[in-house]
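**Q** Here is a sequence with its predicted model. Questions after.
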Amino acid sequence: MSTSQTIAFIGAGNMASAIIGGMLENGYNADNIWVSAPDDDHLQKIRNRFGVSVTTDNRHCAQQADIIVLAVKPQVMRAVCQDIAPVVQNTRPLMVSIAAGLESATLDQWLGGGLPVVRVMPNTPSLVGKGAAGLYATDEVGSEQRDAVTAIFESIGVAVWVDNEDLLHSVTALSGSGPAYFFLILEALEEAAISNGLDAMTARQLAIQTMAGAAEMAARGPDEPAQLKRNVMSPGGTTEQAIKTFEEGGLRELVQKAGQAAFKRSGELAKELSKDE
């Protein structure tokens with residue numbers, strides 16, 4: 001990414017901190033990063049940790065930027081956007097939102113209209129540099145701006161663009177909510193191992209490493225998941241029995257239903273958040 005561009009973060013929560021940390025590790029200049037938030041004590045911790053500029057004035061923060069990352073909760077986004085609208089209508093920065101559910105048209109309206117807007121759906125593993133983010137850009141976003149956003153989010157994991165904004169609901173149901181699905185499996189694996197006699201610490205250590213190792217194999221190799229599964233199974237063996245139990249119990253259908261439920265709720269939230277109050 002270009003280290004000459006100034007990037008402002010409005011909001012200083014965990015995700016903003018993760019992004020800033022990833023950018024700095026990938027060579028971005030701390031002198032070109034601004035952060036605003038209402039809590040000055042928290043901002044000073046951010047400044048001490050990263051060496052970036054901080055302010056409690058959102059408008060002043062926005063005034064500095066070529067790219068503004070809106071990193072506040074969806075419930076307060078309208079007020080934040082309307083507050084900085086006079087500034088961004090003058091400076092015309094690229095606006096990047098990491099707020100779940102808020103559609104680009106709604107954000108652009110609150111910002112005064114006609115701005116380049118990118119929506120990003122990151123996930124919580126971004127906090128440890130292993131994120132998976134879905135990105136969508138409006139027609140006003142140029143190719144260099146897309147490249148800049150790609151670089152920002154590749155600094156904390158994988159960044160994948162979608163051409164249709166509605167597909168962000170699918171991204172939300174998969175990678176946005178997905179970490180919780182794996183935590184549920186992890187929890188269940190631990191409980192099963194404990195019931196079979198392992199102590200809790202050993203069960204957790206083995207379960208975590210097994211999950212991490214399986215993910216790494218899927219990421220590095222050319223084989224599809226179905227083939228990777230078959231590679232572990234031996235005829236009449238333990239894995240075959242376990243997989244048979246999963247299949248007979250309707251695991252695939254249950255995962256499909258869960259994904260559809262998350263997808264549907266994502267769409268509902270988008271409609272709720274876009275309503276004028």
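**A** Received it, and whenever you're ready, just let me know what you need.
**Q** List the contacts of residue 266.
**A** Residue 266 makes contacts with 100, 101, 168, 169, 172, 173, 176, as judged by Cβ atoms under 8 Å, 6 or more residues apart in numbering. Placement of C-beta: from N, CA and C, glycine included.
**Q** Wait, the last one touches residue 120, no?
**A** Going back to what we said before, that points to residue 176. No - with contact defined as Cβ atoms under 8 Å, residue 176 does not reach residue 120; the gap is 10.6 Å.
**Q** what residues are shared contacts of those two?
**A** Common neighbours of residue 176 and residue 120 (Cβ under 8 Å, 6+ apart) are residue 134.
**Q** neighbour count winner among the two?
**A** Comparing residue 176 with residue 120 by other Cβ atoms under 10 Å, the one with more neighbours is residue 120, at 25 against 22.
**Q** contacting residues around the helix or strand encompassing that one?
**A** Using DSSP states H and E, residue 120 sits in strand 117-121. Contact with strand 117-121 is made by 94-98, 100, 102-104, 107-108, 111, 133-138, 140-141, 145-146, 149, 153, 165, 168, 171-172, 175-176, as judged by Cβ under 8 Å, 6+ apart.
**Q** List the neighbouring strands of whichever helix or strand comes after that strand plus their orientation.
**A** Sequence order places strand 131-137 as the next helix or strand after strand 117-121, per DSSP H and E. When pairs are called by DSSP bridges, strand 131-137 turns out to pair with strand 117-121 (antiparallel), strand 157-161 (parallel).
**Q** CA-only coordinates of the helix or strand that comes right after the last one, as PDB, when you get a sec.
**A** This means strand 157-161. Per DSSP H and E, the first helix or strand lying C-terminal to strand 157-161 is helix 167-171. Once non-C-alpha atoms are left out, helix 167-171 reads as follows in PDB (Å, rounded to 0.1, in the frame of the first residue of the first chain):
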ATOM      1  CA  LEU A 167     -23.200 -11.200  -1.300                       C
ATOM      2  CA  LEU A 168     -21.800  -9.600   1.800                       C
ATOM      3  CA  HIS A 169     -24.700 -11.300   3.600                       C
ATOM      4  CA  SER A 170     -23.200 -14.600   2.400                       C
ATOM      5  CA  VAL A 171     -19.800 -13.500   3.600                       C
END
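**Q** Which residues belonging to helix 167-171 are considered buried?
**A** For helix 167-171, a neighbour-count test (16 or more other Cβ atoms under 10 Å) marks 168, 169, 170, 171 as buried.
**Q** ok, now which ones touch the first one?
**A** Contacts of residue 168 were listed using Cβ under 8 Å, 6+ apart, and they are 119, 121, 134, 136, 162, 266.
**Q** Tell me the one of those residues nearest residue 191?
**A** Relative to residue 191, the closest of these is residue 266; by Cβ to Cβ it sits at 29.3 Å.
**Q** The closest one: what secondary structure?
**A** Here residue 266 is helix, with the state taken from DSSP: H, G, I helix; E, B strand; the rest coil.
**Q** Nearest residue to residue 150 in space, please, no chain neighbours.
**A** residue 159 (5.2 Å; Cβ to Cβ, 6 or more residues apart in numbering).
**Q** ok, how many other residues are close to that neighbour?
**A** 19.
**Q** What separation is there between it and residue 51?
**A** From residue 159 across to residue 51, the span is 25 Å (Cβ to Cβ, to the nearest Å).
**Q** now residue 180
**A** Residue 180 is 34 Å from residue 51, by Cβ to Cβ.
**Q** Over to residue 132?
**A** For residue 132 relative to residue 51 (Cβ to Cβ), the value is 28 Å.
**Q** which of the two has more neighbours?
**A** A count of neighbours by other Cβ under 10 Å puts residue 132 above the other of residue 132 and residue 51, at 21 against 13.
**Q** list the contacts for the most centrally placed residue in the chain?
**A** Nearest residue to the geometric centre of the chain (Cα atoms, centre = their mean): residue 122, 0.9 Å. By Cβ under 8 Å, 6+ apart, residue 122 lies in contact with 15, 98, 131, 132, 133, 153, 156, 157, 176.
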